[in-house]
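>>> Please find the sequence and the predicted model below.
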Amino acid sequence: MQLTIIDVIVIALYFGANLGVALYLRKRATKSVSDFFVSGRNVSWWLAGTSMVATTFAADTPLVVTGLVARNGIAGNWIWWSMAFSGMLTVFFFAKLWRRSGVLTDVEFAEIRYSGKPATFLRWFRAVYLGLPINLIILGWVNLAIVKIMMLVLGVTKIEALVIAIGIMFITASISTLSGLWGVLWTDLFQFVLKMGMVILLAVFAINATGGMDSMVGELQKIDQTRGAQGSILSFIPDLNSAWMPLITFFVFIAVNWWASWYPGAEPGGGGYVAQRIFSAKDEKHSLLATLWFNVAHYAIRPWPWILVGLVAVVRYQHDAAFQADPESGYIRILISDLPAYLRGLMLAAFAAAYMSTIGTQLNWGASYLVNDVYRRFWKPHKNEKHYVIVSQWITMMLMILSAVVTFYMDSIGSAWRFLMAVGAGTGLVYILRWFWWRINAWSEISAMIAAFITSMILQFGFHLNEEQPKEFAYLLLLTVTATTAVWLAVTMLTQPEPRETLLAFYRRVRPNATLWKPIAAEATDIVPQHDGVFNFLNWISGVVMIYAFLFGTGKIILGSAPAGIILLAVGTVAGWTIYRRINKRGWEVLGA
């Protein structure tokens, strides 16, 4: 793709606007560590929620979705669509609890829920584990995506593309170091509007270049006839006899994976940068609305422009050997061939925005662990706020440099996705139950993490279960979840519960549902017992129905089945109205009661 001086000016203006926001917010964000990492806990729901959406819209996301569609049709997206169950669980069960906890990071939770040396170790270990290796793997695959894009679009080598990526990352790190989470939130809003607008435009131009929607659908139906018993490319539900998603694999996705596996952005019980945005919200009501808006936008609104470009790539390059070998490249090839020349600069700025919104969050999130939960907690506990802000800025830059090294040695985005999903399998249930069952202790979490990692590694390298093979991935997940759950339940029952005073302090602070806290609730007579389990469960079911009805309804209308689409959208609207009516009747004020 040849760039003109106008394209260069547009890209420069984009970067200038981001730096301008950072400079404007600098004083507001550097008053304290709380301002730097959770924006002084004064963020409105729409800004916090949009920031979550922007963060999960990385430069790699359109490429990965294109690859899923090319290999497995629209239904290939169930690998991440299934996480909507977990997302809506966070909305109605956990957002308000996280906000009430008052912690700065989700790993700080260990020392308010547990006590003694096990709690201290757990906090330190999770901070280092998530802040360095896990965070660097995520940063690595996001960097790898922008490197692949630059190589295709600009025709440069991997080293040259990595140098460009480091330059963009340096600007992003500068924004994060100058303005902390405030800068990340407001640049996320700007970046989200830009990148959504551009991917929608690309989808429109790509479909028009293919002869329109009817022509594209007709071509895909012809391709279906040559695929045999693989199911239709246009089907929203996978053919359960297909090789890529047999019944056992689909069952694992919709019935096990979403609650059993830890995965960044879709953690059972919330956590990570989603929890960070919850901490930054003004109150419990804003935390619930932020996570609700995030899930609606993430699953029901955002995917279709990517899917449509993926479908165009399938039609356009069905006989292209290079595309068959690397279907993720189809998105960039459509961009190069179908986007008008006058929009090239804006599109590259949009990809930079997708990259920066994720990188900015990961740098700030990782630094929050290393500063608040390692440096401040264990190394220099009595320094002033300005000292910790300066250390935060230096650590942000350090993470940027380390992530570039990781990217150089990384080859596959999809493999990194599956690896994280596999090593986190089985830990999800303990992350959920630690809020609702008083008997969970620090050893429960520690043993779950160790058992999940060891079991997954043995199955992958000892028994050679390949996470890239659908059936083997399903068995890998089921066996890891079973072994991990058995281990942490046994450890829980064989070790002592947390001290009474620790449990009472946590119960008073967070006010979880009292059903499985009866021994503690009986002593905390000053706290009105919360019995909101059925209320939250009904909202969760309604929320899941709303998400999938909006997702599939929008798809049906786009692909030409308007009557079915309108019915589904109506079902989603009724589900959403039911949630609103139920909460309104109970009273929004109960979220903070």
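All right, it came through fine.

>>> need the strands for this protein, in chain order.
Assigned strands in the chain: none (criterion: DSSP state E).

>>> Which secondary structure element of it has the lowest mean pLDDT?
Lowest by mean pLDDT, DSSP states H and E among the helices and strands of the chain is helix 413-423, with a mean of 62.

>>> Enumerate every residue touching Leu63.
With contact taken as C-beta atoms under 8 Å, 6 or more residues apart in numbering, Leu63 is in contact with 145, 148-149, 328-329, 331-332, 413. Every C-beta, even on glycine, is put in place using the N, C-alpha and C of the backbone.

>>> any idea how far it is from Leu152?
Using C-beta to C-beta, to the nearest Å, Leu63 is found at 10 Å from Leu152.

>>> now swap in Asp338 and tell me
Applying C-beta to C-beta to Asp338 and Leu152 gives a distance of 14 Å.

>>> So Gly543 is in contact with Thr578, correct?
No - Gly543 is beyond contact range of Thr578, at 9.6 Å (criterion: C-beta atoms under 8 Å).

>>> Give me the more crowded residue out of those two.
The residue with more neighbours, out of Gly543 and Thr578, is Gly543; 24 against 17, by other C-beta atoms under 10 Å.

>>> Can you show me the helices along the stretch 401-550 of the chain?
Using DSSP state H, counting those that start in this stretch, the helices of the stretch 401-550 of the chain run over residues 413-423, 428-436, 442-457, 470-494, 500-510, 518-521, 533-558.

>>> Out of those, which gets nearest to Asn18?
helix 413-423 (24.6 Å; C-beta to C-beta).

>>> residues contacting Leu478?
252, 256.

>>> mind checking pLDDT for it?
Leu478 carries a pLDDT value of 92.

>>> if we can go back for a sec, how about the helices of the stretch 401-550 of the chain in CSV, adding distance to Phe250?
Below are these laid out as CSV (distance: least, C-beta to C-beta, whole Å):
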stretch, distance to Phe250
helix 413-423, 15
helix 428-436, 19
helix 442-457, 21
helix 470-494, 9
helix 500-510, 36
helix 518-521, 38
helix 533-558, 14
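
>>> of those helices, which approaches Thr177 most closely?
Minimum separation from Thr177 across the helices of the stretch 401-550 of the chain (C-beta to C-beta) falls at helix 413-423, 26.1 Å.

>>> So, low pLDDT: which residues of the chain?
1, 228-230, 263-265, 410-423, 588-593 (pLDDT under 70).

>>> Need the overlap of contacts for Leu63 and Leu152.
329, 332.

>>> quick one: the longest helix along the chain to helix 533-558, angle?
Across the chain, the longest stretch assigned as helix under DSSP state H is helix 158-209. Relative orientation of helix 158-209 and helix 533-558, computed by axes from the mean of the first three to the mean of the last three C-alpha atoms, to 10 degrees: 70 degrees.

>>> how far out from the middle of the chain is helix 158-209?
Centroid separation for helix 158-209 versus its chain: 16 Å, with C-alpha atoms, centre = their mean, to the nearest Å.

>>> and the gap between Val199 and Ser329?
16 Å.

>>> which of the two has more neighbours?
Set Val199 next to Ser329 and count neighbours by other C-beta under 10 Å: Val199 wins out with 25 against 22.

>>> separation between that one and Leu551?
Val199 is 17 Å from Leu551, by C-beta to C-beta.

>>> And for Gly271?
24 Å.

>>> ok, Ala161 touching Val147?
Yes - counting by C-beta under 8 Å, Ala161 does reach Val147; the two are 4.3 Å apart.

>>> Format the CA atom coordinates belonging to stretch 104-119 as CSV.
The C-alpha trace of stretch 104-119 is given here as CSV (Å, rounded to 0.1, in the frame of the first residue of the first chain):
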residue,chain,number,x,y,z
LEU,A,104,-6.6,-1.1,43.8
THR,A,105,-5.9,-4.4,42.0
ASP,A,106,-7.7,-7.7,41.9
VAL,A,107,-4.6,-9.6,43.3
GLU,A,108,-4.8,-7.3,46.4
PHE,A,109,-8.0,-9.2,47.1
ALA,A,110,-5.9,-12.0,48.5
GLU,A,111,-5.1,-10.1,51.6
ILE,A,112,-8.6,-9.0,52.4
ARG,A,113,-10.2,-12.4,51.8
TYR,A,114,-7.4,-14.5,53.4
SER,A,115,-4.8,-14.1,56.1
GLY,A,116,-1.2,-14.9,57.1
LYS,A,117,1.7,-16.1,55.0
PRO,A,118,-0.4,-18.0,52.5
ALA,A,119,-2.3,-14.8,51.6
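
>>> Report the buried residues of it.
104-115, 118-119 (16 or more other C-beta atoms under 10 Å).

>>> Show me the two of these that sit farthest apart.
Leu104 and Pro118 (20.8 Å).

>>> returning to what we had before: among the buried residues of stretch 104-119, which are located in helices?
Using DSSP H, the buried residues of stretch 104-119 in helices are 110-113, 118-119.

>>> Can you convert the residues you listed into a markdown table and add a column each for distance to Gly424?
Converted to a markdown table, those look like this (distance: C-beta to C-beta, whole Å):
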| residue | distance to Gly424 |
| --- | --- |
| Ala110 | 17 |
| Glu111 | 22 |
| Ile112 | 23 |
| Arg113 | 19 |
| Pro118 | 20 |
| Ala119 | 21 |
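
>>> nearest to Ala322, of those residues?
Ala110 (48.6 Å).

>>> how close does the closest residue to Val252 other than its chain neighbours get to Trp244?
Distance criterion C-beta to C-beta, 6 or more residues apart in numbering; nearest residue to Val252, sequence neighbours excluded, is Ala474 at 4.4 Å. According to C-beta to C-beta, Ala474 stands 12 Å off from Trp244.

>>> Does Phe92 touch Ser542 like I think?
No - judged on C-beta under 8 Å, Phe92 makes no contact with Ser542 at a distance of 9.1 Å.

>>> what's the burial count for His464?
Applying other C-beta under 10 Å, we find 8 residues neighbouring His464.

>>> got a list of what Gln324 touches?
Per C-beta under 8 Å, 6+ apart, neighbours of Gln324: Tyr317.

>>> gap between it and Asn72?
For Gln324, the distance to Asn72 - C-beta to C-beta - is 14 Å.

>>> and if you look at Val38?
39 Å.

>>> just Trp141 next, same as before
20 Å.

>>> Could you check which of those two has the larger neighbour count?
Ranked by neighbour count (other C-beta under 10 Å), Trp141 and Asn72 place Trp141 first, with 25 against 22.
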